[in-house]
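Student: I would like the atomic coordinates for the input below:
(chains A and B)
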There are 2 protein chains.
Amino acid sequence: MTELQAYPMNGGDGHHSYTKNSNYQKNVMVSAKELITENILEKLDIKSFNPPISTFRIADLGCSVGPNTFLAVQNIMEAVKFKYQKLEIESEIPEFQVFFNDHVANDFNTLFTSMASNREYYAAGVPGSFYNRLFPASSLHVVYSVFSIQWLSKVPKHVVDKSSSAWSKGRVHYSSAPDAVIKVFEAQFRSDMDSFLSARAKEVVQGGLMTLLAPGRPNGTAHSLSPLNLVFDGLGPCIMELVNKGVVEEEKLESFNIPIYHMSAEELAEAVERNGCFSIEQIEAMPNIAVNFNLPKEKICLHVRAIVGVLVKQHFGEEILDQLFELYLNKLEEHAFKFNPQMEKAVNIFAFLKRK
Amino acid sequence: MTELQAYPMNGGDGHHSYTKNSNYQKNVMVSAKELITENILEKLDIKSFNPPISTFRIADLGCSVGPNTFLAVQNIMEAVKFKYQKLEIESEIPEFQVFFNDHVANDFNTLFTSMASNREYYAAGVPGSFYNRLFPASSLHVVYSVFSIQWLSKVPKHVVDKSSSAWSKGRVHYSSAPDAVIKVFEAQFRSDMDSFLSARAKEVVQGGLMTLLAPGRPNGTAHSLSPLNLVFDGLGPCIMELVNKGVVEEEKLESFNIPIYHMSAEELAEAVERNGCFSIEQIEAMPNIAVNFNLPKEKICLHVRAIVGVLVKQHFGEEILDQLFELYLNKLEEHAFKFNPQMEKAVNIFAFLKRK
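Tutor: Take a look at the predicted model:
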């Protein structure tokens, strides 16, 4: 297995937990719900499965700690059942087994204790990076992954290597960096998506479906022109302030980078074509209706902290967290992050694939 | 689902953790290892599986937090592979998927982080009581459960009901209690084993194997004549001392009971016969070589604390733990627990079953 870095969301259910700060993800998911249901009803070919299904297996890759994942799998399960009803083969509705996957460092204890006890499926947690194999061959019928594949498997090493021409000095995110840095991130995304698709191609049964959703950017748009990128970039100056205050060593800042990549629909489609095992039923950029900078700034701050808090903690230590996000909140409130009109074009990339 | 009580082992890997105090279980497991390997080689009929196996699925029910569970599944996997080799169909060796099951309150985070990254199987954690269904129908090939089915699903309610003739006043374990109490425990064991076997009968494929090991007593032996029972019974007087010191309320002691039942081979065989879905390949009492009261007393105390510590904490609060087990250790060192020669007859019940 490749050595991979893990970036779990904040566990537990406290003030800074992902559980309490994943409303944005939930909103996007709700807007994708109908798309997924329609696609399952239209594209799921139950009779094509060979052998016939006795257990219908669903996997959520990058499930975090809930509650979004529970709503998502419930939605998929209902769509599948509805398909059986439409075909008037209700009596053949199989049992469901749902696999909740995330990094080993994910808080599975919280995930498990928050599962409804009256769930209508057999549940299992699967620890590990989805850039490796996670499941036996041809064992999954629907794979679902939302807000996960924007995380790269690692920070490309050149980016934090002072001797490299792709060294990203003083920046914590690639989006506003020089071309050489951006190219390294693009290459990392391509390589990661190839690993992801090649693992899934083995795990998903012929005729099985895969639906992906991740924050991205419109085709042909520069990385610097996305409000999502701005949000991450904004952490850089705040950490620099902590360096200036002597709280953080400059070395530490220079070796830190957020391994989130905002893909375009085109880039994702190219990866699927390269892999060759899935047909593209739909790949498109959906308007990112949930990115709304008119939200209370405290909410945006909590949201960003829930996403990158653990990453920051792992690198800089827990003690800087409160200070850093206080500075960050101040900057949000002072409107220190300057938008330009093009930045409104934030999108989520939605993909619906079928295993050939 | 039935309402069930959960008694997880001590999580984490600290001084009082199950991880650090499960050597006894490990020793017993090692002595069972050869038996399991032999049985798999002899009884596993690979060609009988229909459809043929593409993924070989193993479940450890009551896995706790490791490391014993990893050794156990490794052993099973090797035996299965060896069977393929003996049949000269090595090229057909399937992929393995291993399900680690325990109560929702088990420390799955510790379990997952302590898994070897070079394991040769796909791993999944399955939270929930094995007295309910946990897996899809006909989805398991080998079920393994060691040191788990001695835990009843709950304390029978009559035992802590003052108005009942089976009220077990002042005792924390049934073994030295009046007949009425013992009868209620026996009935609870029968009912629990019926639930357990009925769930597994659905989950294990035809030809699939199940191996069980649990501390027990020889056929026809009174419950009071087992050193294991003595060990639990001995907690009663210690808690009573805390009552006398005003640290614990008497009410609390009276509503406390350890839901561990030490079955006989006969009782287990009867349950399998009642269920009717499994053939008994082997059920026997193995000498309990690992129970050795010449062990350092500190070790025995840590062992008991690892098993019932969480149970005590849930009922009485964490603050009494250190005090209680200090008293308990004193009693062990003063030889306050009186053995009689018959007590040497402690056994483990080993069962190897095959799904008809």
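
Student: dump the residue contacts of residue A:59.
Tutor: A:98-101, A:126, A:134-135, A:140, A:142-144, A:203 (Cβ atoms under 8 Å, 6 or more residues apart in numbering or on different chains). (Each C-beta comes from the backbone N, C-alpha and C, glycine too.)

Student: what's the neighbour count on the residue in the stretch 151-300 of chain A that chain B sits nearest to?
Tutor: Of all residues in the stretch 151-300 of chain A, the one sitting closest to chain B is residue A:203 (9.2 Å; Cβ to the nearest Cβ). Counted with other Cβ atoms under 10 Å in any protein chain shown, the neighbours of residue A:203 add up to 22.

Student: okay, it: pLDDT?
Tutor: Listed pLDDT for residue A:203 reads 98.

Student: List phi and psi for the nearest residue to it once chain neighbours are set aside.
Tutor: Nearest-residue entry for residue A:203: residue A:135, 4.3 Å, with adjacent residues in sequence omitted and distances by Cβ to Cβ, 6 or more residues apart in numbering or on different chains. Per-residue torsions, residue A:135: phi -130, psi 160 (degrees, to the nearest 10).

Student: re earlier: isn't the residue of the stretch 151-300 of chain A closest to chain B up against residue A:139?
Tutor: Yes: at 6.1 Å, residue A:203 counts as touching residue A:139 under the criterion of Cβ atoms under 8 Å.

Student: Strands along the stretch 201-350 of chain A, start to end?
Tutor: A:204-216, A:278-287, A:347-355 (DSSP state E, counting those that start in this stretch).

Student: Output the ones you listed as CSV; include the columns mean neighbour count.
Tutor: Formatted as CSV, the strands of the stretch 201-350 of chain A follow (neighbours: other Cβ atoms under 10 Å in any protein chain shown):
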stretch, mean neighbour count
strand A:204-216, 23
strand A:278-287, 16
strand A:347-355, 24
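
Student: Nearest to residue B:347 among those would be which one?
Tutor: Distance to residue B:347, taken as Cβ to Cβ, is lowest for strand A:204-216 among the strands of the stretch 201-350 of chain A, at 46.5 Å.

Student: Which strands and helices lie in contact with the closest one?
Tutor: Counting contacts by 3 or more Cβ pairs under 8 Å, 6 or more residues apart in numbering or on different chains; DSSP states H and E, strand A:204-216 is packed against helix A:23-43, strand A:140-146, helix A:265-275, strand A:347-355.

Student: Can I get those in JSON lines including mean pLDDT and distance to chain B?
Tutor: Output for the helices and strands packed on strand A:204-216, formatted as JSON lines (pLDDT from 0 to 100; distance: least, Cβ to the nearest Cβ, whole Å):
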{"stretch": "helix A:23-43", "mean pLDDT": "83", "distance to chain B": "20"}
{"stretch": "strand A:140-146", "mean pLDDT": "97", "distance to chain B": "11"}
{"stretch": "helix A:265-275", "mean pLDDT": "98", "distance to chain B": "21"}
{"stretch": "strand A:347-355", "mean pLDDT": "95", "distance to chain B": "16"}
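
Student: gap between the nearest residue to residue A:305 once chain neighbours are set aside and residue A:52?
Tutor: In space, and not counting its chain neighbours, residue A:305 is closest to residue A:325: 5.0 Å by Cβ to Cβ, 6+ apart. According to Cβ to Cβ, to the nearest Å, residue A:325 stands 52 Å off from residue A:52.

Student: likewise residue A:298?
Tutor: 52 Å.

Student: wait, what's in contact with the residue nearest to residue A:203?
Tutor: Counting by Cβ under 8 Å, 6+ apart, residue A:135 has contacts A:59, A:99, A:126, A:203, B:97, B:122.

Student: Show me which pair in those is furthest apart.
Tutor: A:59 and B:97 (12.5 Å).

Student: re earlier: what about the contacts of residue A:135, which are in helices?
Tutor: residue A:203 (DSSP state H).

Student: which one of the contacts of residue A:135 sits closest to residue B:236?
Tutor: Using Cβ to Cβ, the contacts of residue A:135 come closest to residue B:236 at residue A:126, 42.6 Å.

Student: what about the closest residue to the closest one other than its chain neighbours, which SS state?
Tutor: Sequence neighbours aside, residue A:101 is the residue nearest to residue A:126 in space, at 4.3 Å (criterion: Cβ to Cβ, 6+ apart). With DSSP: H, G, I helix; E, B strand; the rest coil as the basis, the three-state label of residue A:101 is strand.

Student: residue contacts, the residue nearest to residue A:86 when sequence neighbours are not counted?
Tutor: Closest residue to residue A:86 apart from its sequence neighbours, by Cβ to Cβ, 6+ apart: residue A:41 at 7.0 Å. Taking Cβ under 8 Å, 6+ apart as the contact definition, residue A:41 lies against A:79, A:82-83, A:86.
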